[in-house]
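Undergrad: A structural model of the following input is requested.
(chains A and B)
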Amino acid sequence: MDRSVQRRNEVAVSVQVLSRSATGDAPARANPAGGRARRHRPAGGWLRLVSPVALIGLWQILSSTGVLPPSRLVSPASIARTAYTLVVTNSPTYGTLQKSLLISAERWAIGLSIGITVAVLLAVVSGLSRFGEYALDPVVQALRSIPLLGLLPLFIVWFGIGELPKDLIVLLGALFPMYVNTFAGIRGVDPKLGELGQVLGLSKWELVRHVVLPGALPSALTGVRLSVIGSLLALVVGEQINANAGLGFMITTAQQFLQNNIIMVCLIVYAIIGLLADWGVRMVEGKALAWRRDFVQ
Amino acid sequence: MATRFRPVGAAATSSAAADSDSGQIAASVRGLTKRFGERVILDELNLDIRAGEFVAMIGRSGSGKSTLLRVLAGLDRSLSGSMTVAEPVAVAFQEPRLVPWKRVLANVTLGLRDPAQEQVATAALAEVGLAEQISAWPLTLSGGEAQRVSLARALVRSPSLLLLDEPFSALDALTRMSMHRLVLRLWARHRPAVLLVTHDVDEALALADRVLVLGSGRIAYSSTIDVERPRDRNHPELTELRNRLLSELGVPADATEAI
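TA: Alright, predicted model coming up:
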């Protein structure tokens, strides 16, 4: 018994010497100054294009071989031809595709930016105070469950048939996912960091600025991604009634004339916008969330 | 050293005696009582920590040692009693509690208002052996490195009272030993009063001037340790004290030998 204790102490002593020569517990590291985050940054965003492009290729093959008849689903090549025609000719019914795109993009940008801003403000107020939560959260949660499509007729009665009801629909489509995620992000910040702030003597504002808001950012950025998609869906809804331009208008009109090609062109434009927007948010995430460990290899 | 009287709960009373002693006392606690429902966590507890003194507090889990530390840190105010604490107080928690989205240096300077904070923080990080890591993200650090950042963050505040809440308990044995040496070195240089809360008897024996055992909400046992540092674990005085402390904690001495 005695001897084993003795031996343990010898080991402890030699270990102390070892660990001292290795300057404590720090393992030797080639680039200790935050190099790790950089190494894990996703390689080439274009890789994300591979699977959509492969899907379109498969679709074209199925169409060319007659497995998918044009009466059900037109081929990608045919859609591309229609898109080209819509771009180069200014048809009396639709105008040009790019003009529709521009008008839709404007509505989307207005609704999305205001929607996100309002959502963040609401989430900060209800996330940071009990009073704010009780005052705002039940209302937002109740409104959230109302289908936007059902709201549209009312909006037309209240706000007319101009741009306002369409912008508002887009705004609501962006607001709810952004609010829910930002609120959850704020409430999800580790309360231990709140204690730390207290111990370090941070003011309430410093705590919000240095701890709460950056802590809520990952969740808020997920909110942005959902908002981008949510507002895009709302845009389609908003443009289907009482519009005379825009992608949603094109779809509705093409539906009346059974022009499936044009519907497909618009849907694909939506898909591309969604993909681009998602890519944009990812870029922001990569910059803003560099501190996070990336689990994807 | 500015002494601030910090009333605790409703029954706080000002203590003139403690104020006149403020040059010597880093923390003074009188009649501290804390209850969770029926359960009494701290029961009329009295404690004085002299300026520059290294005090270790041990106790079984649930003995209220962390509660006491939280009270001294100003994190828990829902209790009765009074206390005087020499400001500034700094805390190193059991988990390093680094803010993950701030780089190491920004973690250390967080909350500092001194314009020269960056140099001071850089020096503190160099002191704990992390000069190379000042711009690293906390999530890329090892457990020991993170805990050293936490120590640096506490040190830059030039604390009169440094509260250590089991800061080494999650570290491996090797890292813990090097952390012990680091803490002693930093303490010798900066001379804050230290209250180290731990469940590790050997840690207390290796580091402290005085060791307290918390039991039934009071200080059940207190002993000074006069052995010169660095201490030989098998110093007869330490062995004797270890057995005493273990029996105070309700662990028979021969039970640990068998492990």
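
Undergrad: burial measure for residue B:141, as a count.
TA: 20 (other C-beta atoms under 10 Å in any protein chain shown). Bear in mind the C-beta positions are built from the backbone N, C-alpha and C, glycine included.

Undergrad: whoops, I mixed them up, residue B:111
TA: 20.

Undergrad: same question, residue B:133
TA: Neighbour count for residue B:133, taken as other C-beta under 10 Å: 25.

Undergrad: Any idea what residue B:35 is bridged to?
TA: Note on residue B:35: beta-bridge partners by DSSP bridges are residue B:40.

Undergrad: now do the one 10 residues further on
TA: Beta-bridge partners for residue B:45, by DSSP bridges, are residue B:32.

Undergrad: Thought residue B:57 was touching it, still the case?
TA: No: the pair residue B:45 / residue B:57 is not scored as a contact, 10.8 Å apart, by C-beta atoms under 8 Å.

Undergrad: list residues touching both of the two?
TA: Shared contacts of residue B:45 and residue B:57 (C-beta atoms under 8 Å, 6 or more residues apart in numbering or on different chains): residue B:68.

Undergrad: which of the two has more neighbours?
TA: Set residue B:45 next to residue B:57 and count neighbours by other C-beta under 10 Å: residue B:57 wins out with 27 against 23.

Undergrad: Wait, that one touches residue B:196, no?
TA: Yes: counting by C-beta under 8 Å, residue B:57 touches residue B:196, with 7.0 Å between them.

Undergrad: okay, and the common contacts of these two?
TA: Counting by C-beta under 8 Å, 6+ apart, the shared contacts of residue B:57 and residue B:196 are residue B:204.

Undergrad: so who does residue A:200 touch?
TA: Counting by C-beta under 8 Å, 6+ apart, residue A:200 touches B:110, B:111, B:153, B:157.

Undergrad: ok, the residue lying closest to the second one once chain neighbours are set aside to residue B:85 distance?
TA: So that's residue B:111. Nearest non-adjacent residue to residue B:111, counting by C-beta to C-beta, 6 or more residues apart in numbering or on different chains: residue A:200, 3.6 Å away. Distance from residue A:200 to residue B:85, counting by C-beta to C-beta, to the nearest Å: 16 Å.

Undergrad: Any buried residues in the helix or strand where residue B:223 lies, and which?
TA: Applying DSSP states H and E as the criterion places residue B:223 in strand B:218-224. Neighbour-count burial for strand B:218-224, counted by 16 or more other C-beta atoms under 10 Å in any protein chain shown, picks out B:218, B:219, B:221, B:223.

Undergrad: Now do the buried residues in the helix or strand encompassing residue B:125.
TA: Here residue B:125 sits within helix B:117-127, counting by DSSP H and E. Neighbour counts using 16+ other C-beta under 10 Å place B:117, B:120, B:121, B:122, B:124, B:125, B:127 of helix B:117-127 among the buried residues.

Undergrad: who touches that helix?
TA: Against helix B:117-127 from outside (C-beta under 8 Å, 6+ apart): B:104-105, B:108-109, B:112, B:114, B:131, B:133-134, B:149, B:152-153, B:155-156, B:186, B:189.

Undergrad: Does residue B:58 touch residue B:195 like I think?
TA: No: contact criterion C-beta under 8 Å: residue B:58 and residue B:195 do not qualify, at 11.7 Å.

Undergrad: And the residue in the stretch 151-259 of chain B that chain A sits nearest to, how far from residue B:189?
TA: In the stretch 151-259 of chain B, no residue comes nearer to chain A than residue B:175, which is 4.0 Å away by C-beta to the nearest C-beta. When C-beta to C-beta is the yardstick, residue B:175 and residue B:189 sit 21 Å from each other.

Undergrad: Between those two, tell me which one has more neighbours.
TA: Higher neighbour count among residue B:175 and residue B:189: residue B:175, with 21 against 9, using other C-beta under 10 Å.

Undergrad: Around residue 177, count how many other residues there are.
TA: Since no chain was named, I'll use chain A. Residue A:177 is flanked by 23 other residues according to other C-beta under 10 Å.

Undergrad: let's do chain B instead
TA: 22.

Undergrad: pLDDT value on residue B:100, please?
TA: Here, the pLDDT recorded for residue B:100 equals 93.

Undergrad: Ok, residue B:234 next?
TA: With respect to pLDDT, residue B:234 scores 89.

Undergrad: Could you look up the SS state of it?
TA: Three-state call for residue B:234 (DSSP: H, G, I helix; E, B strand; the rest coil): coil.

Undergrad: Close to chain B: what parts of the stretch 101-250 of chain A are there?
TA: Residues of the stretch 101-250 of chain A found near chain B (C-beta under 8 Å from any C-beta of the partner chain) are A:192-193, A:195-202, A:206, A:210-211, A:214-215, A:217.
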